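Asks: 3D, please:
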Amino acid sequence: MTFREEAVETFLKDVFEPSKGRIRAFPGCQHMELLQYSSQRNVLFTLSFWDDEAALDTYRHSELFRTTWEKTKALFAEKPEAWSVEVIDAMPV
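Replies: Sure, this is the predicted structure:
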C-alpha cells in the first residue's frame, strides 16, 4: 500500500492501531503483521496467514474489513495491490 507521505502516521495511529487486535482475533486469522519498505517509508505491506481461502473471504466480507478498508483507502497515494500466495517452502518453527 502506497500512502500519501503525510498520511502514514494517520494510518498507523487512527486505523492500524485500533483494528490490528480485532483483525488478529478474527476467526481463521493465524498471523498478521505490518511491514514498512525501508527505503520508501510511505509504502507498507500487511502479511497475514489464514486457515484457508474461505476464512479470508469471510474476513473480506465482514464489517470489520469494510470499515477498516474505507478508512485506509482514503489515505492512499497510489492504487493498492493485493496478492494471495501459497507457501512453497518455509523455515520450521
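
Asks: Would you mind giving the secondary structure of Val87?
Replies: Look at Val87: counting by DSSP: H, G, I helix; E, B strand; the rest coil, its state is coil.

Asks: no no, His31
Replies: strand.

Asks: name the element Thr46 belongs to?
Replies: Using DSSP states H and E, Thr46 falls within strand 44-50.

Asks: so what does that strand touch, helix or strand wise?
Replies: For strand 44-50, the packing partners by 3 or more Cβ pairs under 8 Å, 6 or more residues apart in numbering; DSSP states H and E come out as strand 29-36, helix 53-60. The C-beta positions use only the backbone N, C-alpha and C, and glycine is treated the same way.

Asks: give me that answer again for 6 Å
Replies: strand 29-36 (3 or more Cβ pairs under 6 Å, 6 or more residues apart in numbering; DSSP states H and E).

Asks: buried sites along the strand it packs on?
Replies: 29, 32 (16 or more other Cβ atoms under 10 Å).

Asks: Give me every residue in contact with it, excluding its own residues.
Replies: The contact list for strand 29-36, computed with Cβ atoms under 6 Å, 6 or more residues apart in numbering, reads 23-24, 44-50.

Asks: now the angle between helix 53-60 and that strand, please.
Replies: 60 degrees (axes from the mean of the first three to the mean of the last three Cα atoms, to 10 degrees).

Asks: what about Asp52, neighbour count?
Replies: 9 (other Cβ atoms under 10 Å).

Asks: Doesn't Met91 lie inside a strand?
Replies: No: per three-state DSSP, Met91 lies outside any strand segment and is coil.

Asks: What separation do you get for it and Lys20?
Replies: 24 Å (Cβ to Cβ, to the nearest Å).

Asks: Settle it for me: which of the two has more neighbours?
Replies: Using other Cβ under 10 Å as the criterion, Met91 and Lys20 rank with Lys20 on top: 16 against 4.
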